[in-house]
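1. let me see the structure of the following:
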Amino acid sequence: MSVLEIPVVRWASGVISGGSVALFAFFIADGTAQLALYAMAAFVMIAEPIILRRAVQQL
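-> Below is the predicted model:
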């Protein structure tokens, strides 16, 4: 059994990755770049767990 088979681990990975991008956007970026980074953070938070689930299913 892989650790990635546990849903909480997959979603936590997405939240941590997306959260780090959002924090970077909040503290470093300005203007349009900040909005783009927020959009990317939201995408990462949603897409990463889904991609990890599909990867585990193919093993």
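
2. what about residue 39, how many neighbours?
-> Using other C-beta atoms under 10 Å, the number of residues around residue 39 comes to 12. (C-beta placed from N, C-alpha, C; glycine too.)

3. which strand or helix spans it?
-> Remark: residue 39 resides in helix 31-58, with elements defined by DSSP states H and E.

4. count the residues that sit near the residue lying closest to residue 10 once chain neighbours are set aside.
-> Distance criterion C-beta to C-beta, 6 or more residues apart in numbering; nearest residue to residue 10, sequence neighbours excluded, is residue 49 at 4.1 Å. Using other C-beta under 10 Å, the number of residues around residue 49 comes to 21.

5. re earlier: report the buried residues of the helix holding residue 39.
-> Across helix 31-58, burial judged by 16 or more other C-beta atoms under 10 Å covers 34, 37-38, 41, 44-45, 48-49, 52.

6. for it, the distance to its chain's centre please.
-> 4 Å (C-alpha atoms, centre = their mean, to the nearest Å).

7. could you say what helices and strands that helix packs with?
-> helix 7-27 (3 or more C-beta pairs under 8 Å, 6 or more residues apart in numbering; DSSP states H and E).

8. got the angle for the helix it packs on vs helix 31-58?
-> Orientation of helix 7-27 against helix 31-58 (axes from the mean of the first three to the mean of the last three C-alpha atoms, to 10 degrees) gives an angle of 170 degrees.

9. what residues sit buried inside helix 7-27?
-> For helix 7-27, by 16+ other C-beta under 10 Å, it's 10-11, 13-15, 18, 21-22, 25.

10. and of those residues, the nearest to residue 59?
-> Of all these, residue 59 sits closest to residue 10, with 13.7 Å by C-beta to C-beta.

11. correct me if wrong: that closest one contacts residue 2.
-> No - in this structure, residue 10 is not within contact of residue 2 by C-beta atoms under 8 Å, at 10.5 Å.

12. so which residues make contact with stretch 17-31?
-> Under the contact criterion C-beta atoms under 8 Å, 6 or more residues apart in numbering, stretch 17-31 has outside partners 33-34, 37-38, 40-45, 48.
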